[in-house]
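Trainee: Pasting the sequence and the predicted model now:
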2 protein chains.
Amino acid sequence: MSEDRHELALGMILQLVVVLNEDMTKSLERDGLTNSRAPVVWFLGQNGPMTQKELATAVGVSARNITGLVDALEATGFVARGPHPTDRRATLVSLTALGDKTARAMDRDKAELAELLFTGIPERKLDAFVDVLGEVLGRINRELERLKEAG
Amino acid sequence: MSEDRHELALGMILQLVVVLNEDMTKSLERDGLTNSRAPVVWFLGQNGPMTQKELATAVGVSARNITGLVDALEATGFVARGPHPTDRRATLVSLTALGDKTARAMDRDKAELAELLFTGIPERKLDAFVDVLGEVLGRINRELERLKEAG
DNA sequence: TATTGTTATACTCTATAACTATA
DNA sequence: TATAGTTATAGAGTATAACAATA
């Protein structure tokens, strides 16, 4: 039955989600970060200094929550708050030297993980893999859209 | 460069993790469950009544935490605590009618998700997909083992 | 002595709502 | 009026440590 093959494939994806999450959490812990704080450092590393409002939108959390995350990252030395050049209501959050070093380490870790996972996989198979992954991503995104509209 | 292809593939996997998590969280919310409580219901559905100790091990949380999760599931009507037949220290946790119904709905939802994701994908591609996924899972599991030994 | 589960305590992440300072 | 960020408050999930009841 093809249903069994489909459930097998989904089961493997779910397993991958679990172990990948475990692996990345361990890696972040070594850097002194948590799953919630890491994206803040990462976005700042990609886009440079941002207001808390922009960070909240990028990371997808509430204003209250970004205050807490930036508090924690400031207390542990990853980011610094500074004045916004034109808007005196806003705070500009930027990476410290430690934060910048950590952001670059995250980039490096991601590249290393990609190598660990895929080095030596035949190109033909990798093509099919990426192809199926793209299709699956599209389907689940459409499903999420549908759910959002339905409420 | 093959490095770019590898990073592309990893990026897609990470995206999949995000949207899959979003989709499943929404589905659990509809059932009145959370990401942390759902595995408790699921394990009870798969294995029948268990002690809290067994549940804690299965789910991978502390004794303190399983007390809290079972408290919450009991308060919301998914599980019931009962005496252990032979060990008077232990509590036997079992699904209520609602819990059982929900566990079976979770099974059904998983099967439906598998169909949504994979129906119509050519068998040849699905083979390659599962093949690569298996290899990737093996690699990351070995990496986790290595990290565990290293401490 | 060892184990099962609870209480005590504390930290992280999350949200909504009220408020202050600015635009 | 509207927006950026903080304080107030609350709830979920997580952990370690001390403790009671039982093995």
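Mentor: Arrived safely.
Trainee: Would you mind listing the buried residues in the longest helix along chain A?
Mentor: Taking DSSP state H as the criterion, chain A has its longest helix at helix A:2-31. Buried residues in helix A:2-31, counted by 16 or more other C-beta atoms under 10 Å in any protein chain shown: A:5-10, A:12-13, A:16-17, A:19-20, A:23-24, A:27-28, A:31. For glycine as for every other residue, the C-beta is placed from the backbone atoms N, C-alpha and C.
Trainee: what about the closest residue to A:Met106 other than its chain neighbours, helix or strand, and which?
Mentor: Distance criterion C-beta to C-beta, 6 or more residues apart in numbering or on different chains; nearest residue to A:Met106, sequence neighbours excluded, is A:Trp42 at 5.8 Å. If you go by DSSP states H and E, A:Trp42 is part of helix A:38-47.
Trainee: Now do that helix: everything it contacts.
Mentor: A:28, A:31, A:33, A:50, A:55, A:58-59, A:66, A:69-70, A:73, A:78-79, A:93-95, A:99-100, A:102-104, A:106-107 (C-beta atoms under 8 Å, 6 or more residues apart in numbering or on different chains).
Trainee: Counting neighbours, what do you get for the residue nearest to A:Met106?
Mentor: 18 (other C-beta atoms under 10 Å in any protein chain shown).
Trainee: For it, give its distance to chain B.
Mentor: Look at A:Trp42 and chain B: by C-beta to the nearest C-beta, to the nearest Å, they are 11 Å apart.
Trainee: what do you get for A:His84?
Mentor: For A:His84 relative to chain B (C-beta to the nearest C-beta), the value is 30 Å.
Trainee: Was I right to think that residue contacts A:Glu54?
Mentor: No. In this structure, A:His84 is not within contact of A:Glu54 by C-beta atoms under 8 Å, at 10.7 Å.
Trainee: Okay, now the unreliable bits of chain A?
Mentor: Scanning chain A with the threshold set as pLDDT under 70 gives A:1, A:151.
Trainee: mind listing the helices for it?
Mentor: A:2-31, A:38-47, A:52-59, A:63-75, A:97-118, A:123-150.
Trainee: Give me the helices and strands touching the fifth one, please.
Mentor: It refers to helix A:97-118. Contacts defined by 3 or more C-beta pairs under 8 Å, 6 or more residues apart in numbering or on different chains; DSSP states H and E place helix A:97-118 against helix A:2-31, helix A:38-47, helix B:2-31, helix B:123-150.
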